[in-house]
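> Take a look and give me a structure for this.
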Amino acid sequence: MNNGQTQFQGACHCGAVRFRVRLTEGLASARRCNCSYCRMRGAVAVTAAVGDLEITDGEEWLTLYQFNTMQAKHYFCSRCGIYTHHQRRSDPDQYGVNAACLDGVSPFDFAEVPVNEGRNHPSDRPAGGGPDIAGYLRYFPVTAD
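Numbering: from 1, shown residues only. Coordinates of the predicted model:
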C-alpha cells in the first residue's frame, strides 16, 4: 500500500459503478465513524474534495440514502449494495470514499484507523464540547510460521 498515492480508480463489488478519484491526503486520511449508520456499515473512508470524484460508469446504479438531519448523502450501488462514497455532513465540500472500493486497497491494509466521534456529531455540540476522536481500530494480521 502506498500511503502517498492520491489518484485511484475504484468500483463497487459488481463493477456496475466505476469511478476515478483524487484523494486530498492520500490514504493517510483513513478513518471510521461511530454514528448509528457508520457503525453498522463498518467501512474505512478516505477523503476527497467533491470536485475530485468522477463517476465514470454506472451512475444510474447509484442510490442515495439519507437519515436524521438529511444533510449527509450516502451513495451505494443498487445492484450489489456496496457503499461507494458519501458527501459529509461535517464538511459538505468533502466526500468520504470507501477505501475498500479503491483498486489495490483493502481496509486490512491499515494497521490503525482513527474512529471519529459521530454519536455526538460535531455539528450538534458546542465548540470544544467533547473529543473529535472516539478511539482507534487496530488490525493485527496473523502470520503463517
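
> Residues in a beta bridge with the residue lying closest to Ala11 once chain neighbours are set aside, which ones?
Using Cβ to Cβ, 6 or more residues apart in numbering and skipping the chain neighbours, the partner closest in space to Ala11 is Arg18 (4.6 Å). Glycine gets a C-beta too; all of them are placed from N, C-alpha and C. Beta-bridge pairing of Arg18 under DSSP bridges involves Ala11, Asp57.

> ok, now which ones touch Arg18?
Counting by Cβ atoms under 8 Å, 6 or more residues apart in numbering, Arg18 touches 9-11, 55-58.

> Can you tell me the centre-most residue of this structure?
Ala45 (2.3 Å; Cα atoms, centre = their mean).

> just checking, it touches Cys35?
No. Ala45 is beyond contact range of Cys35, at 11.9 Å (criterion: Cβ atoms under 8 Å).

> what sits up against the worst-scoring helix or strand of the chain on mean pLDDT?
Between all helices and strands in the chain, the lowest mean by mean pLDDT, DSSP states H and E belongs to helix 36-41, at a mean of 91. Outside of helix 36-41, the residues within contact range by Cβ under 8 Å, 6+ apart are 32-33, 67, 74, 83, 118-119.
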